[in-house]
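Enquirer: Dropping a prediction and its sequence here:
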Amino acid sequence: MNKQDKIYIAGHRGMVGSAIVRKLQAEGFENIITRSSAELDLMNQAAVMDFFSNEKPQFVFLAAAKVGGIHANNTFRAEFLYNNLMIEANVIHAAHVHQVQKLLFLGSSCIYPKIAPQPLTENALLTGELEPTNEPYAIAKIAGIKLCESYRDQYNDNFISAMPTNLYGPNDNYDLQNSHVLPALIRKFHEGKINQLSEVEVWGTGSPLREFLHVDDLADACYFLMQHYNEKEFVNVGTGTDLSIKALAEMVKDIVGFEGELVWNTSKPDGTPRKLMNVDKIESLGWKHQIDLRSGIEKVYSEFVQKYNA
């Protein structure tokens, strides 16, 4: 990518898309195209084709998706499958028809089987059954990977895919019903602190192991891959280290300053027992994450407090 190239960020208002916009702007890119969902419905194939025909982007970062935590994934199963299939199919096909130079599709670590050797290597895809609670979302993301691979195979389109681990950072979703675990913990403990609660409920047993990557690190990785990677196989993006949900909860509790007790609601689902990414591939290419988890959460909590108070 050159500074003058026209670059489309699909999903620029989301946590990932906005981080990619910040990264590109920091690198001096100014010809960045964005559309809100009100301006462009990515599930409308005709609208997407018209957009690509009119704007003619040369590079595309496909970060648009319907996302959520365990509860949302398990409750809105049809929407998570249908919406994500439509978004990725429309954008990837339009990128092919209008001869986009390169497209980066962003998937998710939930594509991997529920039970698979850890850390998860890229070749573990489709080797076992998926985690039931997020199976529709995972199937949609797998379809996106296969779309990129198939357009490359059949038409030689330079479409690549990256699979990030669990993310956190600015513009995260803090809704207690639909958010992921880390923002949910931040909000629960913050409200517990300001309301001087004696205890806060946390879902599950606390035993699952999870890996967390700051979204600014992911944006850096996306920029790196768009500049340097042109292969068919998708690439894991993560830190290569994990911790238990219990340890994460204790860390967030300490950062927030909540002094009450944690009460584990074991009637709630744990999800996959462990989900750690093998990041040997991307590190061998020359990229490595920079933001450690505690300092990343401290920064995110500071931003959350400002928005919460506002």
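Expert: Cool, got the structure.

Enquirer: show me where the stretch 51-200 of the chain has helices.
Expert: 70-75, 77-97, 135-155, 181-194 (DSSP state H, counting those that start in this stretch).

Enquirer: in the first one, what's buried?
Expert: Same thing as helix 70-75. Buried residues in helix 70-75, counted by 16 or more other C-beta atoms under 10 Å: Ile70, His71, Ala72, Asn73, Asn74. All C-beta atoms are positioned from the backbone trio N, CA, C, and that covers glycine.

Enquirer: separation between the last one and Ile32?
Expert: Same thing as Asn74. Computed as C-beta to C-beta, to the nearest Å, the Asn74 to Ile32 distance reads 35 Å.

Enquirer: same deal with the third one?
Expert: Computed with C-beta to C-beta, the distance linking Ala72 and Ile32 is 29 Å.

Enquirer: and the host helix or strand of Asp50, what other elements does it pack with?
Expert: Assigned by DSSP states H and E, Asp50 falls within helix 45-55. Secondary-structure packing of helix 45-55 (3 or more C-beta pairs under 8 Å, 6 or more residues apart in numbering; DSSP states H and E): helix 77-97.

Enquirer: Mind doing that once more with 10 Å?
Expert: Here helix 45-55 touches strand 7-10, helix 77-97, going by 3 or more C-beta pairs under 10 Å, 6 or more residues apart in numbering; DSSP states H and E.

Enquirer: Work out the gap between the shortest one and the centre of the chain.
Expert: Distance, stretch centre to chain centre, for strand 7-10: 16 Å (C-alpha atoms, centre = their mean, to the nearest Å).

Enquirer: Over to the longest one?
Expert: Here the centre of helix 77-97 is set off from its chain's centre by 16 Å, with C-alpha atoms, centre = their mean.

Enquirer: Show me what the helix or strand of the chain at the bottom of the mean pLDDT ranking is packed up against.
Expert: The helix or strand of the chain with the poorest confidence is helix 70-75; it has a mean of 78 (mean pLDDT, DSSP states H and E). Other helices and strands packing on helix 70-75, by 3+ C-beta pairs under 10 Å, 6+ apart, are helix 77-97, helix 135-155, helix 181-194.

Enquirer: hey, which of those helices is tucked in deepest?
Expert: helix 181-194 (a mean of 21; mean count of other C-beta atoms under 10 Å).

Enquirer: what packs against that one?
Expert: So helix 181-194, by 3+ C-beta pairs under 10 Å, 6+ apart, packs with helix 70-75, strand 166-168, strand 199-203, helix 245-256, strand 261-265, helix 293-309.

Enquirer: so which of those is the most packed in?
Expert: Highest mean neighbour count among the helices and strands packed on helix 181-194 (mean count of other C-beta under 10 Å): strand 166-168, a mean of 22.

Enquirer: by contact count, what packs against that strand?
Expert: helix 15-26, helix 181-194, strand 212-214, helix 215-228, helix 293-309.

Enquirer: What score does the residue lying closest to Gly69 once chain neighbours are set aside have for pLDDT?
Expert: Excluding its sequence neighbours, the residue lying closest to Gly69 (C-beta to C-beta, 6 or more residues apart in numbering) is His180, at 4.6 Å. On pLDDT, His180 comes in at 82.
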